[in-house]
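J.: I would like to see how this sequence folds:
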Amino acid sequence: MEELLTNSIQNDLIHLEKQYSLDVLDDWVTTAGLIESALSMTASAVPGSNPHIFVHVSEAHEFREIDREGLSSIPDDSLFTACLTMQSAGSLIDDVFSDYNLNDSMLHDLLRETYNAQFVIPIVHRFSLLAFILISVPELSGEQHSFMNDLTARLKINLYAASIADNRQRELIELSEYPEALHRYENLGELIKHLLDDVAKKLSFDYGIYYHYDEYLDLLIPDVWITGGVKPDPLSTGKGISGLTLERKRASYIPDREKHPSYSFMAEEKFIQGSFISVPVQTDKRVLGVITLCRESGKKGIFGVEHRYMLEILTAFLATEMNSRLLYAELEESYFSTVSSLTRALEAKDHYTRGHSERVMKYAVGIAQALNLSYDSIRRIRYAAILHDIGKIGISDSIITKTSSLTDAEYKEIKKHTEIGYDIVNDSGFFSEIRDLIRYHHEKIDGTGYYEKRPGDYPWEAMIISLADIYDALASDRPYRKAYTHEEALVSLEKLVGINFDQKIFNAFKDWMICETGLKSQSAV
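T.: Predicted coordinates:
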């Protein structure tokens with residue numbers, strides 16, 4: 001009896017020692033380190049086994065040896081791996097192929113000849129094959145079976161944890177690409193228009209909405225939404241899910257709205273069902289809006305806390321980008337207001353040209369928009385148009401305000417305003433992109449302009465400002481004539497096609513004027 005007790009104690013101690021040795025598997029830092037430990041233990045417990053472990057790499061849709069990456073891989077949709085998923089224990093490789101009638105000689109040769117493997121042990125978690133171990137022995141002793149069962153049980157837990165960690169790391173890497181996606185939009189309106197589509201690429205959801213916050217009205221105004229056809233209403237602070245998020249200025253995550261004692265009774269935002277995440281889009285100094293997403297029960301699976309963190313990261317990037325664009329827009333508008341004030345001060349000398357530069361800017365921007373030019377191109381044209389006559393600041397007031405015809409000497413003098421304007425803006429790096437538009441806005445494509453340049457010798461956009469400048473001169477009162485009607489001005493402009501500007505510019509102006517005013521030309525253009 002005493003001997004039996006001693007043997008029992010010894011067996012328990014041996015078992016405990018084995019269990020303690022397996023604790024090394026719980027101390028992994030990287031998946032590669034975990035696999036390396038498992039291989040070392042297997043080789044020690046099963047002499048001559050020459051073990052190999054193939055791990056599932058989800059983004060590559062294959063199983064491969066991560067300690068010897070690039071040597072061999074097996075697709076995760078192969079029949080062999082599908083059969084291993086149904087295995088509850090290790091088997092001879094030949095038995096797996098024969099029992100399931102697998103007709104894949106290349107894979108069989110790879111396993112048996114290249115790896116000299118005879119036995120395969122699957123590691124399955126919740127009907128998902130995480131990995132499998134190949135060993136080069138035909139059978140295991142009882143003790144070896146017991147050890148490998150313990151080892152695979154530990155591996156199952158740690159490989160599953162490692163797969164979750166790897167997925168989270170990949171998600172973070174994907175999230176790091178989000179700011180680049182935001183940068184590609186030309187303006188804030190385009191960014192907001194595609195906001196939910198971009199978020200969906202990183203975090204799937206069924207319904208979602210982004211509200212911008214109107215500080216004056218103290219309202220959340222819907223900007224873009226996916227709500228199943230339901231048109232969302234503006235929300236006051238503290239009302240609805242998103243209104244509460246705005247009030248609290250922190251994210252909310254609820255696994256099931258229907259079971260929540262507060263959110264389930266809210267009348268607002270009924271399209272938000274199932275699990276939801278609501279996050280304020282804010283910086284440390286301003287609240288920009290709120291984004292709220294939901295997953296309906298039983299569809300994509302409920303949101304988890306990790307999804308809340310993901311959305312918070314996305315909104316942090318979003319808030320930074322939106323705030324930067326808003327600050328830039330505010331700075332540029334302030335700068336543009338200063339420029340506009342300068343041109344208004346210049347034009348105040350002459351009753352007949354008052355407001356001329358602002359009207360030319362309006363027409364020029366309209367033409368640019370009709371031509372579908374880029375945001376940056378329209379921006380350049382806007383500045384060039386408002387400043388096109390800035391050089392007149394260096395021309396004598398007696399010439400600028402003269403009501404009768406100019407003498408040849410006076411005309412020669414006033415022609416200098418394009419060069420003076422060029423010199424004024426040439427010293428500013430900010431205006432380097434528009435200086436030539438100011439300099440050449442009196443050029444003609446027939447080569448008879450101020451500098452007698454031909455197309456290609458000056459920026460083609462100068463034709464836009466030229467047409468806008470001529471139209472405003474025709475449509476404005478002058479000391480020697482009354483303003484032309486819109487129809488009369490268009491007829492005159494049409495005669496200048498091929499001389500001052502081309503047909504494309506003229507057509508774009510006509511199209512824009514029709515959209516802007518509804519006026520159509522009766523000329524045969």
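
J.: from now on I want contacts and neighbour counts done on CA atoms only, so please keep to that.
T.: Will do.

J.: list the buried residues for stretch 419-431?
T.: Glu419, Ile420, Gly421, Tyr422, Ile424, Val425, Asn426, Phe431 (16 or more other C-alpha atoms under 10 Å).

J.: with adjacent residues omitted, what lies nearest to the second one?
T.: Ranked by C-alpha to C-alpha, 6 or more residues apart in numbering and with sequence neighbours excluded, the top spatial neighbour of Ile420 is Gly391, at 4.6 Å.

J.: and for the fifth one?
T.: Counting by C-alpha to C-alpha, 6+ apart, Ile424 lies nearest to Gly391, which is 7.3 Å off, once chain neighbours are set aside.

J.: what about that neighbour, neighbour count?
T.: 23 (other C-alpha atoms under 10 Å).

J.: quick one: low-confidence ranges for this structure?
T.: Applying pLDDT under 70 to the chain picks out residues 1-24, 69-70, 299-300, 345-353, 428-430, 479-480, 518-525.

J.: what's the domain layout of it?
T.: With domains defined by automatic domain parsing, the chain comprises 2-173, 187-323, 348-517.

J.: relative to Glu333, which of the ones you listed is closest?
T.: Comparison of the domains of the chain against Glu333 by C-alpha to C-alpha identifies domain 348-517 as nearest, at 11.2 Å.

J.: contacting residues for Asp502?
T.: Asp502 makes contact with Ile445, Met463, according to C-alpha atoms under 8 Å, 6 or more residues apart in numbering.

J.: quick check: it vs Tyr451, distance?
T.: Asp502 is 18 Å from Tyr451, where distance means C-alpha to C-alpha, to the nearest Å.

J.: next one: Val224
T.: Counting by C-alpha to C-alpha, the gap from Val224 to Tyr451 is 50 Å.

J.: of those two, which one has the most company?
T.: Val224 (19 against 15).

J.: ok, that one touching Gly189?
T.: No: with contact defined as C-alpha atoms under 8 Å, Val224 does not count as touching Gly189 (10.5 Å).

J.: which outside residues touch stretch 167-178?
T.: Against stretch 167-178 from outside (C-alpha under 8 Å, 6+ apart): Lys202, Met310, Ile313, Leu314, Phe317.

J.: list the buried residues of it.
T.: Going by 16+ other C-alpha under 10 Å, stretch 167-178 has these buried residues: Leu175, Tyr178.

J.: centre-most residue in the chain?
T.: Residue closest to the average C-alpha location in the chain (C-alpha atoms, centre = their mean): Ala181, at 2.7 Å.

J.: please, which helix or strand holds Ile464?
T.: Per DSSP states H and E: Ile464 is located in helix 462-474.

J.: what's the first helix or strand after that helix?
T.: helix 486-495.

J.: next, the angle helix 462-474 makes with that next one.
T.: 140 degrees (axes from the mean of the first three to the mean of the last three C-alpha atoms, to 10 degrees).

J.: right, and the helix or strand after helix 486-495?
T.: helix 503-517.

J.: using the three-state scheme, assign the residue nearest to Leu182 when sequence neighbours are not counted.
T.: Nearest residue to Leu182 in three dimensions, chain neighbours excluded: Leu191, at 6.5 Å (C-alpha to C-alpha, 6+ apart). What DSSP: H, G, I helix; E, B strand; the rest coil gives for Leu191 is helix.
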